[in-house]
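Colleague: Take a look and give me a structure for this.
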Amino acid sequence: VSGKINSEYQENGVFISPMAPSPGEKVKLIYDGLLAKSGATEVYAHVGFGYKWENQAYYKMSKAKAGFETSIPVIKADTMNVCFKDADNNWDNNSGKNYSFDVLP
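Modeller: Next up is the predicted model:
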């Protein structure tokens, strides 16, 4: 299942490294999706953990060759949920499903 999810996200221009992060690590998040392809000059990653989106934070992403990227601290072992917004408040939330990554203890 995990491989299918990751390839689906790659088709949307969303990549993380490492693919299976642990608490205390930082993940590199790369975004070259809908907002980047629509000419966004600024992109922010909105991140939260678990069903209730705990520890929510916005991370400004830097323009890079592969789109936009940032480094995100992994707070806890739970699902890390991510969606993206641009400076004009347009969102990419994977058609309402968000981008979710399992954080292993």
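
Colleague: quick one, strands of this structure?
Modeller: 14-17, 26-31, 43-49, 54-64, 67-73, 79-86, 91-92, 99-102 (DSSP state E).

Colleague: right, and those - which one's nearest residue 37?
Modeller: Shortest distance between residue 37 and those, using CB to CB, is found for strand 67-73: 8.5 Å. Any C-beta I mention is one placed from the backbone N, CA and C, and that applies to glycine too.

Colleague: what sits up against that closest one?
Modeller: Outside strand 67-73, the residues within contact range by CB atoms under 8 Å, 6 or more residues apart in numbering are 13, 25-33, 36, 40, 43, 45, 47, 59-62, 80.

Colleague: let's see 7 Å
Modeller: For strand 67-73, the surrounding residues in contact (CB atoms under 7 Å, 6 or more residues apart in numbering) are 13, 26-32, 36, 43, 45, 47, 59, 61-62.

Colleague: Could you tell me the angle between it and strand 26-31?
Modeller: Relative orientation of strand 67-73 with respect to strand 26-31: 160 degrees, computed using axes from the mean of the first three to the mean of the last three CA atoms, to 10 degrees.
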